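Peer 1: based on what follows, work out the 3D shape:
(one chain, ligands or ions: 1)
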Amino acid sequence: MTAQDGKPFLYVVVCAAGIAADVSKLITAAQERDWEVGVIATPAAMGGFFDTAAVEALTGRPIRSAWRTPGEPRPFPPPDAVVVAPATFNTINKWAAGLADTLAVATLCEAYGLGVPIAVLPCVADALAAHPAYNESLMRLRGMGVRFGDPHSGEDRQAFRWEYALDLVDR
Ligand SMILES: Cc1cc2nc3c(=O)[nH]c(=O)nc-3n(C[C@H](O)[C@H](O)[C@H](O)COP(=O)(O)O)c2cc1C
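Peer 2: Numbers count the residues shown, from 1 in each chain. Predicted coordinates for the structure are as follows:
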C-alpha cells in the first residue's frame, strides 16, 4: 500500500493516557498540513482511551494495534515521520530500553533505524516522572535524535500542545 495522492505519510502512535481522548485534534491538524495519517495505538490505549471509530473515520484507515499475520500485506506505507502523542511513562521507558512488546513500541524502535524524524509529546504525572529510569530514558532517546515537546502532567487538557508535534517533525 502506498500513501494516497503522493502525500507524506505520518504515523501517529497513541498511548494509554487520559489526554488521548483529544487525539483527533492532532490528526486534523496533520491533515491540514497535508500529511496522510495512520494511527498505531498501544493495546492499552485501545481499551477506551479514545474514540477509535471516530479516528478510523477521520483517517480512512483501520487503527493498527496488533501485529499482522505473516501472510498479510503491510497495512500502512512506510513512515515519512512519526509522532508519539500522548506518550506514556511505560511506552517511553520500554522504547528507550528496546523492549518491543507492542506493535507501537516495535514501530518506534524501528523508526530510529529508518532515520525518519520522530517527535514525542510526553504526558506523565510528576510523581512518575521523578523515577530515575524516566530521566535516563529521555536522555537516551534525545541522544538518538528524538525530538521532545514540553513535559505535561495530564492535568490541564487545554494546555497540551498537540500541533507542536507537527512543528517538531517539520524541522
Ligand atoms: C484513566 C487513566 C489515565 C492514565 N493517564 C496516564 C498518563 O497520562 N500518563 C501515563 O504515563 N500513564 C497514564 N495511565 C497509566 C497507563 O494507562 C498505563 O501505564 C499503561 O500500562 C500504559 O500502557 P501503554 O504505554 O502501552 O499505552 C493512565 C491510566 C488510566 C486508567
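
Peer 1: so which strand or helix has residue 43?
Peer 2: Assigned by DSSP states H and E, residue 43 belongs to no helix or strand.

Peer 1: same question for residue 37.
Peer 2: strand 36-41.

Peer 1: and the next helix or strand after that strand with the ligand, contact?
Peer 2: As assigned by DSSP H and E, the chain's next helix or strand after strand 36-41 is helix 52-59. No. Against the ligand, helix 52-59 shows no contacts by C-beta under 6 Å from any ligand atom, the least distance being 13.8 Å. (Each C-beta comes from the backbone N, C-alpha and C, glycine too.)

Peer 1: show me where the protein has helices.
Peer 2: Ranges of helices within the chain are 23-32, 52-59, 89-97, 103-114, 126-129, 132-143, 164-170, based on DSSP state H.

Peer 1: pick the most buried one from the ones you listed.
Peer 2: Using mean count of other C-beta atoms under 10 Å, the stretch among the helices of the chain with the largest mean neighbour count is helix 89-97, at a mean of 22.

Peer 1: for it, packing partners?
Peer 2: The criterion is 3 or more C-beta pairs under 8 Å, 6 or more residues apart in numbering; DSSP states H and E, and the helices and strands that helix 89-97 contacts are helix 103-114, helix 132-143.

Peer 1: got the contact list for it?
Peer 2: Residues from elsewhere that reach helix 89-97, judged by C-beta atoms under 8 Å, 6 or more residues apart in numbering: 13, 15-16, 42, 44, 84, 100-102, 104-105, 108-109, 120, 122, 124-125, 128-129, 131, 133-134, 136-138, 140-141.

Peer 1: among these, which ones lie close to the ligand?
Peer 2: The residues of the contacts of helix 89-97 that also fall near the ligand, by C-beta under 6 Å from any ligand atom, are 15, 16, 42, 44, 102, 124, 128.

Peer 1: from the residues you listed, which is closest to residue 28?
Peer 2: For these, the closest approach to residue 28 (C-beta to C-beta) belongs to residue 15, at 19.3 Å.

Peer 1: neighbours of the closest one, how many?
Peer 2: By other C-beta atoms under 10 Å, 26 other residues sit near residue 15.

Peer 1: can you list the helices of the chain in CSV and add mean pLDDT?
Peer 2: Rendered in CSV, the data for the helices of the chain read as follows (pLDDT from 0 to 100):
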stretch, mean pLDDT
helix 23-32, 98
helix 52-59, 98
helix 89-97, 98
helix 103-114, 97
helix 126-129, 97
helix 132-143, 98
helix 164-170, 97
